[in-house]
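Participant: have a look at this fold, sequence not included:
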C-alpha cells in the first residue's frame, strides 16, 4: 500500500475551514506561521469530543488558529488558556480571537511558557496541547504533569521532527542535534515513566498522546 497516496486520499476527505477561520489558516500558510496540520487537527478534534475537557491549556498560540479550531468542539462553559512568547503573534492571536467572538472561551497569555506554567495551580487542566519550542518539551514535562488532572491527557505535537528523530545523533545537522537529543529524551520519558501511558502516533509531524495516571 502506498502510504503517500493513502495519506493524500484521507486528507482529501477533510472539510476546509469556513469563513474567518479559513482566512486565518490561509494567511498563516502564506506568511509561514506554524499552524497544526489538517490530519493533526482532525485527531485532536476527536480527542476533544471524547474527553470533553472543561479546562484546556495550550503552549504555543502562534496567531490563535489552533485555539480557535479547538474551541469549536468544546462543551458549554469550557475554557482554553493559551501561552505565546512572541509579541507580534500574540497580538495577532488576540485580534483573531476577537474577530471570531471567542473572548469568553479563549484566554491568551503573553509570556515565557515555562514561567507561566510554574505559576499555574496543581491539577488544574483536563487536557494540554503542547506545540511550543521543541527543545523545551523535556523541561516543561514535570510542570505539565503537576498541572494536569489525574486521568488527563497531554498531546505533544511535532515529536517526529519531519522524520529526523529516526536518525542517530551524528546523522543530524549539528545545529539541530540539541533539539534532536532532547526530543528523544522526552519521548523516552513519556513511554517509560510510571503513571504516563503514551502512544506515539504518525499523524502530521508526529503526535505523542499521553494519558496521565497520578493515583
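Facilitator: Perfect, I can see it now. Source: prediction; values computed, not measured.

Participant: check which element follows the longest strand seen in the chain along the chain.
Facilitator: For the chain, the strand reaching the highest residue count under DSSP state E is reported as strand 148-157. Using DSSP states H and E, the helix or strand that follows strand 148-157 in sequence is helix 177-192.

Participant: that next one to strand 148-157, inter-axis angle?
Facilitator: Angle of helix 177-192 versus strand 148-157, following axes from the mean of the first three to the mean of the last three Cα atoms, to 10 degrees, is 140 degrees.

Participant: now do residue 165, the pLDDT please.
Facilitator: On pLDDT, residue 165 comes in at 58.

Participant: please apply the same query to residue 184.
Facilitator: Looking at residue 184, the pLDDT reads 86.

Participant: and what of residue 45?
Facilitator: 95.

Participant: the longest strand of the chain pairs with which strands, and in what direction?
Facilitator: Using DSSP bridges, strand 148-157 pairs in its sheet with strand 125-130 (parallel), strand 207-212 (antiparallel).

Participant: tabulate those strands (TSV), appending mean pLDDT.
Facilitator: TSV is the format used below for those (pLDDT from 0 to 100):
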stretch	mean pLDDT
strand 125-130	98
strand 207-212	97
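
Participant: quick one: low-confidence ranges for the chain?
Facilitator: Within the chain, the stretches with pLDDT under 70 are 1-3, 162-177.
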